[in-house]
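Enquirer: below is the structure, and that's it, no one-letter string:
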């Protein structure tokens, strides 16, 4: 029975998580062609995987007593508002909608924290939202920071030395931006949760269960990379070099996917990989010295850059795949359906359950 339910969940998830990027990608193409702002599309894009997972879980489960409905509904409303703001900003051409989108993310994140805090422990546990294994989580986040610094040092050395990096961190504004970035996680975590709840919590256990521990994560990395395709063609680079950008994205997603998949397997805490994803995206402007973030779009990339990234990213992040822990099927995270079933059986009485947990 679970296999049939999970297959249905996977279909619904795929339609939403990959269908929305295709539809919104057409609007991104229009915006790129007409030289209109599509900046907000990049953040909205990150909401789709979690939205797909939440809708898939809601539509496929008969027993919804433990579903954190306030959290799910709040997130789906936030996703819808981000889509609306992106489209209105594109066609009306008013920067106001970028500001409105920022407010949606901030207020939405605050609401989600409140919904999470007031939700019962069993609700958070049943749907992978519980904060747990904090010592291990903090250790892995710190490990990621160390690996990220090592990665940046290697890139700087390849480009001619550490002088640029040293000069960058000698500026007070760099440290101010770093502190500001770390604090902003509390009110801007929504997009990063959006990807990780879809990729790591929902999709990874299903793919690992079907295809094996290693193949499942590698397949997820490829899928995750291809999911970025509209961004690669119309935001990060241009259609002329979009294929190269997609290839680079797949390399990054496979290697990062191995590390983040390993962290999620070890901690069983979705918030560990949400924090890592947030740091990976937001430390880039700080280490590059471009605090405006403008260098993150419209850049040029060649096949030699893809090869370089493959080597560096593999050295920094792909090593967990050779560990025994990674290959042991006993370390597989529960699929969303199995997790919800287990907690439901443990906590919801067979009779009068809807009254008690309404």
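Expert: Done, it's in. Please read all numbers here as calculations on a predicted model, not as lab measurements.

Enquirer: going by C-alpha atoms from here, please, whenever you check contacts or count neighbours.
Expert: Fine.

Enquirer: not counting its neighbours along the chain, what's nearest residue 110?
Expert: residue 187 (6.2 Å; Cα to Cα, 6 or more residues apart in numbering).

Enquirer: tell me the spacing between the one you found and residue 109.
Expert: 5 Å (Cα to Cα, to the nearest Å).

Enquirer: any weak-confidence spans in the stretch 51-200 of the chain?
Expert: Scanning the stretch 51-200 of the chain with the threshold set as pLDDT under 70 gives 63.

Enquirer: can you map out the helices along it?
Expert: 69-92, 96-118, 121-126, 134-158, 163-168, 172-188, 190-196 (DSSP state H, counting those that start in this stretch).

Enquirer: any chance of TSV for these, columns mean neighbour count?
Expert: Output for the helices of the stretch 51-200 of the chain, formatted as TSV (neighbours: other Cα atoms under 10 Å):
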stretch	mean neighbour count
helix 69-92	19
helix 96-118	18
helix 121-126	20
helix 134-158	16
helix 163-168	14
helix 172-188	15
helix 190-196	25
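
Enquirer: surely residue 12 and residue 55 touch.
Expert: Yes - contact criterion Cα atoms under 8 Å: residue 12 and residue 55 qualify, at 7.5 Å.

Enquirer: could you check the pLDDT of residue 355?
Expert: Per-residue pLDDT puts residue 355 at 40.

Enquirer: helix or strand right after the longest helix belonging to the chain?
Expert: Criterion DSSP state H: the longest helix present in the chain is helix 2-33. Scanning forward in sequence from helix 2-33 by DSSP states H and E, the next helix or strand is helix 39-45.

Enquirer: let me see the mean pLDDT of stretch 325-334.
Expert: 93.

Enquirer: ok, and for that stretch, which residues are buried?
Expert: For stretch 325-334, the neighbour count (16 or more other Cα atoms under 10 Å) marks 325, 326, 332, 333, 334 as buried.

Enquirer: equivalent analysis for stretch 289-306, please.
Expert: 289, 291, 301, 306.

Enquirer: mind listing the helices for the stretch 201-350 of the chain?
Expert: Going by DSSP H, counting those that start in this stretch, the stretch 201-350 of the chain shows helices at 204-211, 213-227, 229-231, 242-267, 270-288, 303-317, 324-327, 336-347.

Enquirer: residues contacting the first one, please?
Expert: The contact list for helix 204-211 (Cα atoms under 8 Å, 6 or more residues apart in numbering) reads 6, 214-217, 219-220, 261, 332-336.

Enquirer: out of these, which comes closest to residue 236?
Expert: residue 220 (21.3 Å; Cα to Cα).

Enquirer: now the closest one, nearest residue through space, not along the chain?
Expert: In this structure, residue 220 finds its nearest non-sequential neighbour in residue 204, 6.7 Å apart by Cα to Cα, 6+ apart.

Enquirer: picking that back up, any idea which of the helices of the stretch 201-350 of the chain gets closest to residue 25?
Expert: helix 229-231 (5.1 Å).

Enquirer: show the average pLDDT along that closest one.
Expert: The model assigns helix 229-231 a mean pLDDT of 96.

Enquirer: same for it, what does it pack against?
Expert: helix 2-33 (3 or more Cα pairs under 8 Å, 6 or more residues apart in numbering; DSSP states H and E).

Enquirer: pull out the buried positions in the helix it packs on.
Expert: Under 16+ other Cα under 10 Å, the buried positions of helix 2-33 are 5-6, 8-10, 12-14, 16-18, 20-21, 24-25, 27-32.

Enquirer: so how far is that helix off the chain centroid?
Expert: Chain-centre distance of helix 2-33: 15 Å, with Cα atoms, centre = their mean, to the nearest Å.

Enquirer: let me see the mean pLDDT of it.
Expert: Helix 2-33 comes out at a mean pLDDT of 94.

Enquirer: hmm, back to that, show the contacting residues for the residue nearest to residue 110.
Expert: Applying Cα under 8 Å, 6+ apart, we find residue 187 in contact with 105, 106, 107, 109, 110.

Enquirer: next one: residue 100
Expert: residue 85.

Enquirer: ok, now how distant is it from residue 80?
Expert: Between residue 100 and residue 80 the distance is 13 Å, computed by Cα to Cα.

Enquirer: do residue 29 as well
Expert: Counting by Cα to Cα, the separation of residue 29 from residue 80 is 20 Å.

Enquirer: before we move on, what about residue 201?
Expert: 22 Å.

Enquirer: what sits against residue 98?
Expert: The neighbours of residue 98, taking Cα under 8 Å, 6+ apart as the test, are 39, 40, 85, 86, 89.
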